[in-house]
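**Student:** make a model of this:
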Amino acid sequence: MANYPDLIYLDDLTKQELVQFLDSEIANHMFERGKWMDDLTEMQHSYWAEPAEGVVTFPFTGASKVVVPLNAIAVEAVHAREMNTFFGSGQLVSAKALNPQWQDARAPVERFLDKELQQNIKVRKPVGDFALERTKFGTGVLKAGYEKIVRTAVRMVDGERKEQEVVVKQGATLDCVPISNFIMPFAFLDEQTSAWCGETHNLTPHEIRIQEESGLYYKGTYDKLFPAINTDGMSNERQFERSQEQLENHAPLLPSKIIFYELWLSWNTDRNEKGDLKEIVVFYHRESRTIMGIRYNWYSDLHRPYRKGVYFPIEHRWYGLGIIKQNNPFQEEVTVRTRQQMDNATLANMRMIKVSRGLNLTPDEPVFPGKLWFLDEMDQVDSIQMGEVYPSSYNTINSAVNWSNQRTGINELTLGQPAVGTPGTASDILSRIQEGNKKFAFLYDNFAVPVQDAITDIAAIVQQFGPRDIEYYDQVEGGDLVKKFFSMPEGLVRSGLLIELRSAGQLNNKLLDRQNVLNVTQTYQQYITAMIQLAEAGQDPQLVQQIMKVGLTGGTELMKFFLQSNDIPNIDRMVLNEQLIGGTNEGTSPPIQSSWSGNNPASSQGYLGQPSQQPPSIPNNGTSMGS
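**Tutor:** The predicted structure follows:
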């Protein structure tokens, strides 16, 4: 049965210094992020656009309390567009072989990672949460890790009960860390080089106890934290979570939680004279000043598992600007004007009846269509109109909506709605799409880069710990090539020197790309044809051959670009390759040979004859390490 990587046991003085450091750093960061957390809570309320409770009494009882959800409209439009761009083609990973000898392994690696992401990791949920938080609040955080869940089954064998350990889940994971839980000092910009970074965990006492019994924490941790059970649940760290529960009306019956921190940092664990810092992972409960567990960073390249992405960057800050912060002034303005307009229309349509004194009419006099009023004078009964409808309010609302559209980039074209007013020409609409796509291309790159980094992390984790389904190597076509690729050193897998991994669907302005390549193709064909004619006129057959090779190469590149703009997979198998165009097989390499056996415990020799790296011990319960 696999266990967690070994815990570190510090001496008392080193532990005391580490506790003082963590207390000071966490306290400073919680102070500096207080207003930021208030902003997150306010932005979440603005997105939900919940009207005020009860009956509004100003300017009159029953006045309008509607909230115009401009923020939600913009956020959901951008989110749907990003998700469709990333998941629409059905292919999540695009691989490019930078080394010719790995060309045959490129497509199998693509298929393997696609299966790992879609079927095993269920990547749509964490990527969707990351994209939505990034769009709403300006910042999202992904976290790639590894987990192994082992459970004990009881079987009857020959009439006797026998226990049997069963691995129910094993492999790489991908999670979205709520931005309200991600912590990193505002003075730093990169989570990989920051003095420290990590996240806040909110777990129930039951979860803490199970994790301690599984070996995640030091023995006795649960008993030390037990007194904090009734106090941690209402701590400031849960402010955003409690606000979200209230909005969704699903606050738990037993809200008691234990709040602790998972922190990745560098620390001199053995107090050597050189003062060498070592990368460690600390689980720390601040209220009781309890170190729940310490381990060395178990990843082979010592990377921290967090990958941060922003919607619109803010210079010299690690967090970004989201749509709600951009658009909130316009939502408030449109909401106020809309309420005024509706209240004005309500008053304008109100009629009250005035009567002369002495008509023996009471306030509860019934009024109905066709009623006969017997009067001495015609002006003894009349109606009073409360107000008039003024069209100027429509103009102010339209102006605010236009400013909102300009700030967020969301308009009737992106929403798929008919244009307001006289429709433009086809070329005008295409030009508007082109300009609008420039901003979306920039914003989508901000989404795709951290997702691509997370995919690379997952590939490195597969290389270090092995795949979730080890049978893939032997049962699926091309599995042997995939095994050879993930048997190479982790540095080669991560760096992309053999096969470069990137997220598919990453080309921008696809509609424009297709239109442009079609326009260029005809002109390029005319150019090559004219050059061949001139060479033939000069009676230079060698020049004709060179021009034809250039034409083959150029035409192939244009076709590649066109296929890429349509998200067509396996492009290299559909067009001519360089060796065929050049008419020679020079440059091709022999089949892949690898002696690396980092994933094979039976082997003692690795790449270039170096000792193979043995992966650290792996988790054995539902809590993933680094996930």
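**Student:** what helices or strands is the host helix or strand of Tyr261 leaning on?
**Tutor:** Using DSSP states H and E, Tyr261 maps to strand 258-267. Under the contact definition 3 or more C-beta pairs under 8 Å, 6 or more residues apart in numbering; DSSP states H and E, strand 258-267 sits against helix 12-32, strand 196-203, helix 229-232, strand 278-285. Where C-beta positions appear, they are placed from N, C-alpha and C, glycine not excepted.
**Student:** which of the ones you listed has the lowest mean pLDDT?
**Tutor:** Lowest mean pLDDT within the helices and strands packed on strand 258-267: helix 229-232, a mean of 60.
**Student:** tell me the helix or strand right after it.
**Tutor:** As assigned by DSSP H and E, the chain's next helix or strand after helix 229-232 is helix 239-248.
**Student:** now render the helices and strands packed on strand 258-267 as TSV, adding distance to Ile323 and mean neighbour count.
**Tutor:** Output for the helices and strands packed on strand 258-267, formatted as TSV (distance: least, C-beta to C-beta, whole Å; neighbours: other C-beta atoms under 10 Å):
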stretch	distance to Ile323	mean neighbour count
helix 12-32	24	14
strand 196-203	24	21
helix 229-232	33	15
strand 278-285	34	20
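**Student:** flag the shaky bits of the chain, pLDDT-wise.
**Tutor:** Applying pLDDT under 70 to the chain flags the ranges 1-3, 150, 230-238, 252-255, 272-273, 391-394, 417-432, 505-515, 564-567, 578-627.
**Student:** in it, spot the helix with the most residues.
**Tutor:** Across the chain, the helix with the greatest residue count (assigned by DSSP state H) is helix 426-465.
**Student:** quick one, what contacts Thr135?
**Tutor:** Val75, Val78, His79, Glu82, Tyr311, Gly322, Ile323 (C-beta atoms under 8 Å, 6 or more residues apart in numbering).
**Student:** highest neighbour count among those?
**Tutor:** Counting by other C-beta atoms under 10 Å, Ile323 has the largest number of neighbours within the contacts of Thr135, with 32 neighbours.
**Student:** residues touching it, list them.
**Tutor:** Asn71, Ala74, Val75, Val78, Thr135, Lys136, Tyr311, Thr408.
**Student:** for the stretch 51-200 of the chain, just list every one of the strands.
**Tutor:** Counting by DSSP state E, counting those that start in this stretch, the stretch 51-200 of the chain has strands at residues 93-97, 139-157, 160-177, 182-183, 196-203.
**Student:** no, scratch that, I was asking about the stretch 401-550 of the chain
**Tutor:** Along the stretch 401-550 of the chain, counting by DSSP E, counting those that start in this stretch, strands occupy 499-503.
**Student:** that older thread, as TSV, the contacts of Thr135 with distance to Asp457 would be great.
**Tutor:** TSV is the format used below for the contacts of Thr135 (distance: C-beta to C-beta, whole Å):
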residue	distance to Asp457
Val75	27
Val78	25
His79	23
Glu82	20
Tyr311	21
Gly322	24
Ile323	27
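**Student:** tell me the two of those residues that are most distant?
**Tutor:** Greatest spacing in those, by C-beta to C-beta: Glu82 and Gly322 (13.1 Å).
**Student:** the longest helix of the chain to strand 139-157, inter-axis angle?
**Tutor:** 50 degrees (axes from the mean of the first three to the mean of the last three C-alpha atoms, to 10 degrees).
**Student:** which of the residues in helix 426-465 are buried?
**Tutor:** Using 16 or more other C-beta atoms under 10 Å as the test for burial, helix 426-465 gives 433, 436-437, 440, 443-444, 446-465.
**Student:** which ones are touching Ile280?
**Tutor:** Ile8, Trp264, Leu265, Ser266, Trp267, Thr269, Ile294, Arg295, Tyr296, Asn297.
**Student:** can you do 10 Å?
**Tutor:** With contact set as C-beta atoms under 10 Å, 6 or more residues apart in numbering, Ile280 has these partners: 8, 10, 18, 263-269, 294-297.
**Student:** so what pairs up with it in the strands?
**Tutor:** Ile280 has these beta-bridge partners by DSSP bridges: Leu265, Tyr296.
**Student:** and the residue positioned nearest the centre of the chain, how far from Leu203?
**Tutor:** Centroid-nearest residue in the chain, with C-alpha atoms, centre = their mean: Phe130, separated by 2.3 Å. Using C-beta to C-beta, to the nearest Å, Phe130 is found at 21 Å from Leu203.
**Student:** what's the answer for Tyr217, then?
**Tutor:** From Tyr217 over to Leu203 (counting by C-beta to C-beta), the distance is 11 Å.
**Student:** shared neighbours of these two, anything?
**Tutor:** Arg209, Gln211, Phe260.
**Student:** what's the closest non-adjacent residue to the first one?
**Tutor:** Here the nearest residue to Arg209 in space, its sequence neighbours aside, is Tyr222; by C-beta to C-beta, 6 or more residues apart in numbering that works out to 4.8 Å.
**Student:** near the one you found, how many other residues are there?
**Tutor:** Tyr222 has 19 nearby residues by other C-beta under 10 Å.
**Student:** how about it, what does it touch?
**Tutor:** Tyr222 neighbours (C-beta under 10 Å, 6+ apart): Pro205, His206, Ile208, Arg209, Ile210, Gln211, Glu212, Glu213, Ile229, Ile258, Met292.
**Student:** in which helix or strand would I find the second one?
**Tutor:** What that stands for is His206. Counting by DSSP H and E, His206 is part of helix 205-213.
**Student:** just to revisit the earlier point, what's the closest of the contacts of Thr135 to Phe60?
**Tutor:** Val75 (33.4 Å).
**Student:** what are the buried residues along the strand holding Tyr261?
**Tutor:** For strand 258-267, by 16+ other C-beta under 10 Å, it's Ile258, Ile259, Phe260, Tyr261, Glu262, Leu263, Trp264, Leu265, Trp267.
**Student:** closest to Arg304 among those?
**Tutor:** Using C-beta to C-beta, the buried residues of strand 258-267 come closest to Arg304 at Trp264, 4.6 Å.
**Student:** give the closest residue to that closest one in space, chain neighbours not counted.
**Tutor:** Excluding the flanking residues, the one nearest Trp264 by C-beta to C-beta, 6+ apart is Arg304, at 4.6 Å.
**Student:** wait, Ser383 sits on Trp373?
**Tutor:** No - with contacts counted by C-beta atoms under 10 Å, Ser383 stays clear of Trp373, the gap being 11.7 Å.
**Student:** okay, the two: which has more neighbours?
**Tutor:** Each of Ser383 and Trp373 has its neighbours counted (other C-beta under 10 Å); Trp373 has more, 13 against 9.
**Student:** list the contacts for the closest residue to the more buried one other than its chain neighbours?
**Tutor:** Nearest-residue entry for Trp373: Val381, 5.2 Å, with adjacent residues in sequence omitted and distances by C-beta to C-beta, 6+ apart. Shown in contact with Val381 (C-beta under 10 Å, 6+ apart): Ile353, Lys354, Val355, Ser356, Leu359, Leu361, Trp373, Phe374, Leu375.
**Student:** for the nearest residue to the fifth one once chain neighbours are set aside, grab phi and psi.
**Tutor:** Put plainly, it is Leu359. Among residues not flanking Leu359 along the chain, Gln380 sits closest, at 6.2 Å (C-beta to C-beta, 6+ apart). Backbone torsions of Gln380, given as degrees, to the nearest 10, read phi -80, psi -20.
**Student:** of the contacts of Ile323, which pair is most distant in space?
**Tutor:** It's Asn71 and Tyr311 that sit farthest apart of the contacts of Ile323, by C-beta to C-beta, at 13.0 Å.
**Student:** quick check: neighbours shared by those two?
**Tutor:** Lys136, Gly322, Ile323, Ile324, Lys325, Gln326.
**Student:** and these, which is closest to Met559?
**Tutor:** Distances from Met559 to the shared contacts of Asn71 and Tyr311, taken by C-beta to C-beta, are shortest for Ile323, at 37.6 Å.
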